[in-house]
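>>> need a structure here:
(2 chains, ligands or ions: 2)
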Amino acid sequence: MPWTKVFIDQDDFAATPATDGLRWITYRDSLREAQMQMLQHDARVFILGEGVDDPGGIFGTTVGLCEIFGKDRVMDIAIAENGLTGVAIGAALAGMKPIFVHMRMDFLPICMDQIINHAAKWCYMTGGKVNVPLVVRSIIGRGWGSAAQHSQALHSLFLHIPGLKVAIPATPYDAKGLLVSALNDGNPVMFIEHRWVYDYKGHVPEEIYAVPLGKGIVRRQGKDATVVAISQMLYEAVKASKALAAEGIEIEIIDPRTLNPLDEELIFDSVRKTGRLVIGDVGCRTGGVGAEIASRVAEKAFPFLKESVAIVALADTPSPASHALEMAYYPGAEQIIASVKRLLGNNKVSELAPVPGEPTSILFRSR
Amino acid sequence: MARTSPRTMRRLFHTMLKIRRFEEKIVERYPEQNMRTPVHLCIGQEAIAAGVCGNLKKGDYIFSTHRNHGHCLAKGMDINTLMAEFYGRITGCSRGKGGSMHPVAPECGILGTTAIVGGSIALAVGTGLASRLRKDGRISVAFFGDGAADEGIFHESLNFAALKKLPVLFVCENNFYATNSPQTARQPHDNIAKRGESYHIPGFQVDGNQVLTIYETVKKAAARARAGKGPSLIECRTYRWKGHVGPDCDYERGCRPEKELRDWMKRCPIELFQGHILANKIITAAEINHFIKAIDKEIATAVKFGLESPLPDKTDLIKHVFFERE
Ligand SMILES: Cc1ncc(C[n+]2csc(CCOP(=O)(O)OP(=O)(O)O)c2C)c(N)n1
Ligand SMILES: [Mg+2]
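Ligands and ions are numbered 1, 2, ... in the order given. Alright, predicted model coming up:
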């Protein structure tokens, strides 16, 4: 099974061309291909969203699809997110498989009533008789002063809602495979992409394949600490692993790929081996997925921990505009390295300036 | 229609010029990549900001959108702090927290700006409600685009404002596009001005490139609002010259027909009005020259102020998440 393949610190994520004959395409093209093939193979699939047919094509992920499949299946819509989410849900109730695309995740709050009170609960309220095969694609961005209303990463909000699945692919391979799974799942799936990885290339088979929801993957094996890296943080973790390896520290990187369902066993297995856990998230800290993972480890894998858990996440502030503040806001490899070293008791880390608003997180102490 | 005074006409012209030169300065300086914030320029749409705000008092409220520069300047916002905000400086109107999409200037009725499409509409109804409860005599203006008129919040806000007869002006800048999506792809009829009818809100559809028409229409609507007779909806038909975001044109990328843009550019709101006031001897060419020089100087000072101001400190990141009493 392809998803069980362990990619160990190859340049799987970097924009280097394939040397071994594998097909390499970008994350962006992988998403486009998945949608194209699903539109071809399943008449129930259709796409709707603001600007899905425009020349930019949602950062290139829907470019040309309207020309191929027509306006009924690749539908530009008015700016009316709440109502149109309800419309998409209605179509899904009737057996269609809509993909509702949002250029930025920040527009999802307008749809919250339909997503939370309707899509998420319909199956349960109907005693399992009627399901909602809806995929909501939304995009996290960061940087260039987009500020508080245009660069939020709200994935963790949806974890709190029973009935919603949350997929957050980091690689081109997973982007396609998870989108296919999401469309075939029969449940509402929040599908969360990161704009910064759109240009990254990776191996993507040409045929339709599925990456199952709820299966994480070990991206790199290591014995000293486990780093669970979410979305774009995967690339930061890979960067960190290289720097740490140069100092003889081997981290194990886990990409959960979906946050609900969460492949907790994969994380527990790794922590059993390393005894140390760092979680790298692209969202704000409080009430976030880092806290959720840490709590599950505390609950179910506590004896394996040799050290407290560390979370690398955004400070609990809205996204600032100024570049000077953005630099302080977005953590990356540097903060992962610092956290790993701290857990390993390496005092060299104190040379690294702490990020303001990012107090060292001590969740609990191992015995 | 009561004749607009020469003094007012000169003021309206000055405001439009100032907005145009300000936006053109951004076009010029943006490629330097020191303004690291997305800019939504309003070149081509200046008459609306000038014509509407020309009727407002300092204490009246406006709520703008992502495309806010013109509204803020026309409402009298300090140009230095606006420019410094674009440069991400601590001296910016939002101390570097907001960037170009969220200007704030409470001292002149700008209580903040939202870039969530449709957000401005309800907020203006809310300040209108406060004014009615307090009987402070202020009116509130919601600026929004043709795209925003499709959000549920538009209809919910109109209904409430009409019911409570709130002193609110709904000013829709219909530039026929929402990002790259033409109006016809989003709306069954080209009649935003009529959408208030079922709420008994008077609707006006005006040429958004004719500042006097806008000024005079808004004048009546503002008087009506101040008299406690309720809101009006004014649809101003116009066109933006630049792409949805950024300093470039977008027709090269196939976003809209070049001819459409060229045709609208022949109806430049500033040239149209300039022709009118020159012909009617409201202003002389020398005076216009003087306006331009003074405006350019003011803008140059603002750029200098922005570039020379300090950046926020890292420790500023966590400040202002919550309001704290000093
Ligand atoms: C609720 C919401 N949905 C989508 C967007 C993305 N967006 C920003 S501006 C814009 C187009 C707005 O069009 P219009 O209201 O006509 O204003 P214009 O840009 O033409 O001035 C869109 C879709 C947003 N900011 N907020
Ligand atoms: Mg518009």
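>>> for the closest residue to ligand 1 within the stretch 101-250 of chain B, list the residues it contacts.
In the stretch 101-250 of chain B, the residue that lies nearest ligand 1 is B:Gly145 (2.3 Å; Cβ to the nearest ligand atom). Every residue, glycine included, has its C-beta placed from N, CA and C. Contacts for B:Gly145 were tallied using Cβ atoms under 8 Å, 6 or more residues apart in numbering or on different chains; they are B:Thr65, B:Arg67, B:Val117, B:Cys172, B:Glu173, B:Asn174, B:Asn175, B:Ala178.
>>> run the last query once more with 7 Å
B:Thr65, B:Glu173, B:Asn175, B:Ala178 (Cβ atoms under 7 Å, 6 or more residues apart in numbering or on different chains).
>>> please report the distance of it from B:Ser120.
B:Gly145 is 10 Å from B:Ser120, where distance means Cβ to Cβ, to the nearest Å.
>>> what do these two both touch?
With Cβ under 7 Å, 6+ apart as the test, B:Gly145 and B:Ser120 both reach B:Thr65.
>>> center of chain A, which residue is that?
For chain A, A:Ile168 is the residue whose C-alpha lies nearest the centre (Cα atoms, centre = their mean; 2.3 Å).
>>> count the neighbours of the residue nearest to it when sequence neighbours are not counted for me.
Leaving out its chain neighbours, the residue that sits closest to A:Ile168 by Cβ to Cβ, 6 or more residues apart in numbering or on different chains is A:Ile192, at 4.5 Å. Counted with other Cβ atoms under 10 Å in any protein chain shown, the neighbours of A:Ile192 add up to 26.
>>> and the closest residue to ligand 2 within chain A, which of the three is it?
Chain A approaches ligand 2 most closely through A:Ile79 (9.5 Å), counting by Cβ to the ion. Assigned with DSSP: H, G, I helix; E, B strand; the rest coil, A:Ile79 falls in the coil class.
>>> also the one 10 residues further on?
With three-state DSSP as the basis, the three-state label of A:Ile89 is helix.
>>> dump the residue contacts of the residue lying closest to B:Gly228 once chain neighbours are set aside.
Nearest residue to B:Gly228, sequence neighbours excluded (Cβ to Cβ, 6+ apart): B:Lys165, at 6.3 Å. Each residue near B:Lys165 by Cβ under 7 Å, 6+ apart is listed here: B:Gly228, B:Lys229, B:Gly230.
>>> next one: B:Lys165 from B:Ala227, what distance?
Counting by Cβ to Cβ - B:Lys165 and B:Ala227 are separated by 10 Å.
>>> same check, this time on B:Ala162
Where B:Ala227 is concerned, B:Ala162 sits at a distance of 15 Å (Cβ to Cβ).
>>> who has more neighbours out of the two?
B:Ala162 (19 against 10).
>>> quick check: that one touching B:Pro231?
Yes: counting by Cβ atoms under 7 Å, B:Pro231 is a contact partner of B:Ala162 at 6.2 Å.
>>> mutual contacts of these two, please.
By Cβ under 7 Å, 6+ apart, B:Ala162 and B:Pro231 have these common neighbours: B:Ile201.
>>> about what we covered before: is it fair to say the residue nearest to B:Gly228 lies in a helix?
No: using three-state DSSP, the assignment for B:Lys165 is coil, not a helix.
>>> identify the bridge partners of B:Cys172.
With DSSP bridges as the criterion, B:Cys172 is bridged to B:Phe144, B:Glu235.
>>> residues contacting it?
Contacts of B:Cys172 (Cβ under 7 Å, 6+ apart): B:Phe144, B:Asp146, B:Ala149, B:Ile192, B:Ile234, B:Glu235, B:Cys236.
>>> go with 6 Å
Neighbouring residues of B:Cys172 by Cβ atoms under 6 Å, 6 or more residues apart in numbering or on different chains: B:Phe144, B:Ala149, B:Ile192, B:Glu235.
>>> where do the strands of the stretch 201-350 of chain A begin and end?
For the stretch 201-350 of chain A, the strands defined by DSSP state E, counting those that start in this stretch cover A:201-203, A:217-220, A:225-229, A:251-255, A:258-260, A:277-284, A:310-314.
>>> return the most buried member of the ones you listed.
strand A:225-229 (a mean of 30; mean count of other Cβ atoms under 10 Å in any protein chain shown).
>>> next one: that one to chain centre, how far?
15 Å (Cα atoms, centre = their mean, to the nearest Å).
>>> got the angle between it and strand A:310-314?
Strand A:225-229 and strand A:310-314 meet at an angle of 30 degrees, taking axes from the mean of the first three to the mean of the last three Cα atoms, to 10 degrees as the criterion.
>>> what's the angle from strand A:225-229 to strand A:277-284?
20 degrees.
>>> give me the contacts around strand A:225-229.
A:237, A:251-255, A:267, A:270-271, A:274, A:276-280, A:293, A:340, A:343.
>>> repeat that with 7 Å
Counting by Cβ under 7 Å, 6+ apart, A:236-237, A:251-256, A:267, A:270-271, A:274, A:276-280, A:293, A:336, A:340, A:343-344 sit against strand A:225-229.
>>> tell me how far A:Met327 lies from B:Gly96.
12 Å.
>>> just A:Asn82 next, same as before
A:Asn82 is 32 Å from B:Gly96, by Cβ to Cβ.
>>> B:Lys314: neighbouring residues, count only.
B:Lys314 has 17 nearby residues by other Cβ under 10 Å.
>>> could you find the closest non-adjacent residue to it?
A:Ala328 (4.1 Å).
>>> try B:Asp146
B:Asn174 is the one closest to B:Asp146 (Cβ to Cβ, 6+ apart), at 4.1 Å.
>>> contact partners for that neighbour?
Contacts of B:Asn174 by Cβ under 7 Å, 6+ apart are B:Asp146, B:Ile192, B:Glu235, B:Cys236, B:Arg237, B:Thr238.
>>> what about ligand 2: which of these touch it?
Filtering the contacts of B:Asn174 for neighbours of ligand 2 using Cβ under 5 Å from the ion leaves B:Asp146.
>>> in the stretch 1-150 of chain A, where is pLDDT below threshold?
Across the stretch 1-150 of chain A, the ranges flagged by pLDDT under 70 are A:1-20.
>>> re earlier: the residue of chain A closest to ligand 2 and B:Phe144 touch, don't they?
No: A:Ile79 is beyond contact range of B:Phe144, at 10.3 Å (criterion: Cβ under 7 Å).
>>> which of the two has more neighbours?
Using other Cβ under 10 Å as the criterion, A:Ile79 and B:Phe144 rank with B:Phe144 on top: 28 against 24.
>>> quick one, which of A:Asn82 and B:Gly96 is more surrounded?
Legend: neighbour count by other Cβ under 10 Å for A:Asn82 and B:Gly96, higher for B:Gly96 (31 against 19).
>>> what's the closest non-adjacent residue to the more buried one?
A:Ser322 (3.3 Å).
>>> tell me the pLDDT at the one you found?
Per-residue pLDDT puts A:Ser322 at 98.
>>> quick revisit: looking at the contacts of B:Gly145, which has the most residues close by?
B:Glu173 (27 neighbours).
>>> now flag whichever of the contacts of B:Gly145 is closest to A:His102.
The nearest member of the contacts of B:Gly145 to A:His102, counting by Cβ to Cβ, is B:Ala178 at 14.3 Å.
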